[in-house]
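Visitor: would you be able to build a 3D model of this:
(chains A and B)
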Protein chains: 2
Amino acid sequence: MNIKDEIAAMGKKSVAAAYELAEMSTKKKNSILEAMANGIEEQKAAIRAANEKDLVAGREAGLNSALLDRLELTDKRMDGMINGLRNVVALQDPVGDEISSWIRPNGLNIRKIRVPIGVIAIIFESRPNVAAEAAALCFKTANALILRGGKEAIHSNRAVVEAMQSGGEAKGLPANSIQLVQTTDRSAVKELVQLSECIDLVIPRGGEGLIKAVTEMAHVPVIKHYKGVCHTYIDESADVDMALDIAINAKCQRPGVCNAMETLLVHSKIADAILPRLKERLDSKDVEIRGDSRTRSILPGIKTATEEDWHAEYLDMILAIRVVGSVEEAVAHINKYGSHHSDAIVANDESSQKFFTRGVDSATVYVNASTRFTDGGEFGLGAEIGISTDKLHARGPM
Amino acid sequence: MNIKDEIAAMGKKSVAAAYELAEMSTKKKNSILEAMANGIEEQKAAIRAANEKDLVAGREAGLNSALLDRLELTDKRMDGMINGLRNVVALQDPVGDEISSWIRPNGLNIRKIRVPIGVIAIIFESRPNVAAEAAALCFKTANALILRGGKEAIHSNRAVVEAMQSGGEAKGLPANSIQLVQTTDRSAVKELVQLSECIDLVIPRGGEGLIKAVTEMAHVPVIKHYKGVCHTYIDESADVDMALDIAINAKCQRPGVCNAMETLLVHSKIADAILPRLKERLDSKDVEIRGDSRTRSILPGIKTATEEDWHAEYLDMILAIRVVGSVEEAVAHINKYGSHHSDAIVANDESSQKFFTRGVDSATVYVNASTRFTDGGEFGLGAEIGISTDKLHARGPM
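Guide: Here you go, the predicted structure:
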């Protein structure tokens, strides 16, 4: 079979599975989720061996250490997959929920009900644990899943999916509820994202290059975020100590992730009071500062921030700083250079808070809190399949 | 300027307008909507003259009478545009609505707020009144709008948009809130739907060909429905008189629209009682019947329904009829051949109703009512910008 036909056949099987899932009771889904978790537990050794195969091949192919790290299924990650599946058992089942209902003057009784999306395709890069996370959430919400992982993780992905399937099938998991694209040929991605008769949603998880390519090729809806250029704006009305704590947390707690701060904006009336104290704390953490001319006049000796810096997602211990004259200017900067992901204001003045939260066009907008909170777990959602900066359907952690 | 640059420039202007709109109070928006309605009222003569130009050109170009009819801005349609704008004044403003809120154990207070989508592009065919309907709803919800109408309606569209703009600007309508693509070159559509930096959503309104083309070219989200192959299933537990009334309404009230019934499914245990009576009523309305072998054995002399008929959107006085053995078989038929638009069951048995509503994968599923009710006005939504069969964001009349 050629790749086009192979993907089309997978799509048809997924549609059939999705209709079976739509009718399944919450109780049955939960017992299958438990069985999927047990499946991984029982096949730990086999998954470990498959993962070792990928790691050896990866080292031979000269993958860098960050990639090899993401590829590795340590005991902790294996337990993370198992617990992830079990945690989803406890989450409420949204299928069948009544969102709203009303009766029309003519007697028509209208009910708006939550239903499964149908067939979801998830395209991910090197982390094989994504397969288990995605399977848990898609299955609980009665969606059939097609997974397409990175070539470098193919043995690990096969082993993880097989463990979940064989575990789940014993308790009645419909065949083809969770399918993995077996070919590692790149053209499979194109076939997948253009299969609009069968696939209802694509979620790409990986670098900006992958996500852009998927979005441009797709004939089906895509939920995504490209990158996180997150800002903290310190208003003239800010509590200085709070502002310093938030800025340090947002930049330093974990700089390599999408919700870390990349640019700090400071109101000119508070810049003299705050920037020297901030620099001291950033220096102690070895953070490189790049500033505009006003910032450099307050903090002599730092590097110059160029136009490129305002667009940059460093994912590193580097911070761009700009002094602004007003909250309006801060909002304009964020809407121009930001990525619509997560942005924060530190302010006590209510009108500044209101202007900022209404004006900043981002998925998550914070008042007196760190952008690092953007996370399904932190938001109390129970689990997360990704963070969306889209404006349709899902926005923010989902 | 070439078309690519022209569209890109429009996109940038729309983004700026969208940020202005996001900050605007409901009161101000309502006074602008009134002014837009007044603008059309005052420029009726100019709009009429522009429309006459299009009609003359259309007749010269040999447009068929259905197209010419849709193109014509009669007094009634002109009043419809004016009233449409005024009706939207009375609708609730969703911007800023709190959808839900909760406090996390760590004290984080999370609020989910409705915000504008941003910039919406609407691509439509011959009906120039779509421009006013779309402008009213997009403006009330603080979205900037780019309209791209059919070549045959260009003078009418220009006049309608100009009237709304000049009316609205007197009351503070931000420039570029409502823009019309001036070129009639076809390549403008491609540029528009690929302008992902500026445009957040595309809504195509027109024939299946237009919608498919837009969906395949687009790099931005598209909300749409391709067609309406709507079903009515008469269960063995149905009230026969009610079933007949619903079937006649669904087929005959207005056969040329997307929510009209195209295929009737009848349970075998009730087929003998219902089909002869149904045929009598359909005959009196000159409806052509095409049936499967069971239907033809009950109604001798009717045409044979082929595989093509089950897929057909007749939009005409033609009805396909199939006898099925169970509600399960009815659901399987609908999910296989339907368009996920509107489908109805007529039944008194609750378990049949429940199986049908849970199993049928359509935007609107009816129990003991006609599919003809799928409409924003009928649902009490106040206005409608289209009907979506998508599963993300909006589904059904919106």
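
Visitor: strands along the stretch 1-150 of chain A, start to end?
Guide: Counting by DSSP state E, counting those that start in this stretch, the segments of the stretch 1-150 of chain A that form strands are A:98-103, A:109-113, A:119-124, A:144-148.

Visitor: for A:Gly256, find the nearest of the ones you listed.
Guide: strand A:119-124 (17.6 Å; Cβ to Cβ). Every residue, glycine included, has its C-beta placed from N, CA and C.

Visitor: CA atoms of the closest one as PDB?
Guide: Extracted C-alpha coordinates of strand A:119-124, given in PDB (Å, rounded to 0.1, in the frame of the first residue of the first chain):
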ATOM      1  CA  VAL A 119     -10.800  11.900  15.300                       C
ATOM      2  CA  ILE A 120      -7.800  13.800  16.500                       C
ATOM      3  CA  ALA A 121      -4.400  13.600  15.000                       C
ATOM      4  CA  ILE A 122      -1.400  14.500  17.100                       C
ATOM      5  CA  ILE A 123       1.900  15.100  15.500                       C
ATOM      6  CA  PHE A 124       4.800  15.300  17.900                       C
END
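
Visitor: domain assignment for chain A?
Guide: A:3-217, A:230-397 (automatic domain parsing).

Visitor: what about A:Gly207, distance to chain B?
Guide: Distance of A:Gly207 to chain B, computed by Cβ to the nearest Cβ, to the nearest Å: 17 Å.

Visitor: do the same with A:Ala159
Guide: 31 Å.

Visitor: helix or strand right after the helix or strand where that residue lies?
Guide: Assigned by DSSP states H and E, A:Ala159 belongs to helix A:154-169. Sequence-wise, the next helix or strand downstream of helix A:154-169 (DSSP H and E) is strand A:178-180.

Visitor: could you list the buried residues of the helix or strand following that following strand?
Guide: Using DSSP H and E, the helix or strand that follows strand A:178-180 towards the C-terminus is helix A:187-193. Going by neighbour count (16 or more other Cβ atoms under 10 Å in any protein chain shown), the buried part of helix A:187-193 is A:188-193.

Visitor: by contact count, what packs against the next helix or strand after helix A:187-193?
Guide: If you walk from helix A:187-193 toward the C-terminus, the next helix or strand you reach (DSSP H and E) is strand A:201-205. Applying 3 or more Cβ pairs under 8 Å, 6 or more residues apart in numbering or on different chains; DSSP states H and E, we find strand A:201-205 packed against strand A:119-124, helix A:208-217.

Visitor: do the first one and chain B meet at all?
Guide: No. Strand A:119-124 is not in contact with chain B by Cβ under 8 Å from any Cβ of the partner chain; minimum separation 9.8 Å.

Visitor: for that strand, give me every contacting residue.
Guide: Residues from elsewhere that reach strand A:119-124 (Cβ atoms under 8 Å, 6 or more residues apart in numbering or on different chains): A:11, A:14-15, A:18, A:130-131, A:134, A:138, A:143-150, A:189, A:192-193, A:198-206, A:210, A:214, A:220, A:385.

Visitor: who does that strand pair up with?
Guide: Using DSSP bridges, the strands paired with strand A:119-124 are strand A:144-148 (parallel), strand A:201-205 (parallel).

Visitor: which parts of it are buried?
Guide: A:119-124.

Visitor: next one: the last one
Guide: Counting neighbours by 16+ other Cβ under 10 Å, one finds that the buried residues in helix A:208-217 are A:210-211, A:213-215, A:217.

Visitor: off-centre distance for whichever helix or strand comes after that helix?
Guide: Following helix A:208-217 in sequence order, the next helix or strand is strand A:230-234 (DSSP H and E). Computed by Cα atoms, centre = their mean, to the nearest Å, the chain-centroid distance of strand A:230-234 equals 20 Å.

Visitor: give me the contact list for the helix or strand following strand A:230-234.
Guide: Note on strand A:230-234: by DSSP H and E, the next helix or strand toward the C-terminus is helix A:240-252. By Cβ under 8 Å, 6+ apart, the residues outside helix A:240-252 that reach it are A:230, A:232, A:234, A:260-261, A:264, A:270, A:273-274, A:277-278, A:281-282, A:285, A:287, A:317, A:319, A:344, A:346, A:368-372.

Visitor: which residues touch A:Val266?
Guide: By Cβ under 8 Å, 6+ apart, the neighbours of A:Val266 are A:233-234, A:274-275, A:295, A:321-324.

Visitor: list the contacts of A:Glu262.
Guide: Listed by Cβ under 8 Å, 6+ apart, the contact partners of A:Glu262 are A:228-231, A:312-314, A:318-320.

Visitor: returning to what we had before: for the buried residues of helix A:187-193, which one is nearest chain B?
Guide: A:Val193 (11.5 Å; Cβ to the nearest Cβ).

Visitor: wait, the closest one touches A:Pro221, no?
Guide: No. At 10.1 Å, A:Val193 does not count as touching A:Pro221 under the criterion of Cβ atoms under 8 Å.

Visitor: quickly list what's touching both of the two.
Guide: Shared contacts of A:Val193 and A:Pro221, counting by Cβ under 8 Å, 6+ apart, come down to A:Val202.

Visitor: tell me the residues of the stretch 151-300 of chain A that contact chain B?
Guide: So far as Cβ under 8 Å from any Cβ goes, the stretch 151-300 of chain A lies against chain B at A:196, A:200-201, A:215-216, A:219, A:221-223.

Visitor: next one: the residue of the stretch 201-350 of chain A found nearest chain B from B:Phe139, what distance?
Guide: Minimum separation of the stretch 201-350 of chain A from chain B (Cβ to the nearest Cβ) falls at A:Pro221, amounting to 4.7 Å. Distance from A:Pro221 to B:Phe139, counting by Cβ to Cβ, to the nearest Å: 25 Å.

Visitor: dump the residue contacts of the residue lying closest to A:Asn157 once chain neighbours are set aside.
Guide: Closest residue to A:Asn157 apart from its sequence neighbours, by Cβ to Cβ, 6 or more residues apart in numbering or on different chains: A:Gly149 at 4.1 Å. The neighbours of A:Gly149, taking Cβ under 8 Å, 6+ apart as the test, are A:124-125, A:128, A:130-131, A:157, A:180-181.

Visitor: and A:Gly149, what pLDDT?
Guide: Model confidence at A:Gly149, given as pLDDT, is 95.

Visitor: for A:Ile246, same thing?
Guide: Note for A:Ile246: predicted pLDDT of 98.

Visitor: check A:Ala153 too.
Guide: Value listed for A:Ala153 in the pLDDT field: 96.

Visitor: how about A:Glu162?
Guide: At A:Glu162, pLDDT is 97.

Visitor: how many residues are close by it?
Guide: By other Cβ atoms under 10 Å in any protein chain shown, 18 other residues sit near A:Glu162.

Visitor: cool, the one 5 residues further on as well?
Guide: A count of nearby residues for A:Gly167, using other Cβ under 10 Å, gives 23.

Visitor: now do A:Asp283
Guide: The number of residues near A:Asp283, taken as other Cβ under 10 Å, comes to 11.

Visitor: please apply the same query to A:Ala9.
Guide: Burial of A:Ala9 is recorded as 12 neighbouring residues (other Cβ under 10 Å).

Visitor: likewise for the one 4 residues further on?
Guide: Applying the criterion other Cβ under 10 Å, we find 19 residues in the vicinity of A:Lys13.

Visitor: distance of the spatially closest residue to it that is not a sequence neighbour relative to B:Ser352?
Guide: In space, and not counting its chain neighbours, A:Lys13 is closest to A:Asn176: 4.0 Å by Cβ to Cβ, 6+ apart. Separation of A:Asn176 from B:Ser352 (Cβ to Cβ): 28 Å.

Visitor: also A:His231?
Guide: Distance, A:His231 to B:Ser352, by Cβ to Cβ: 56 Å.
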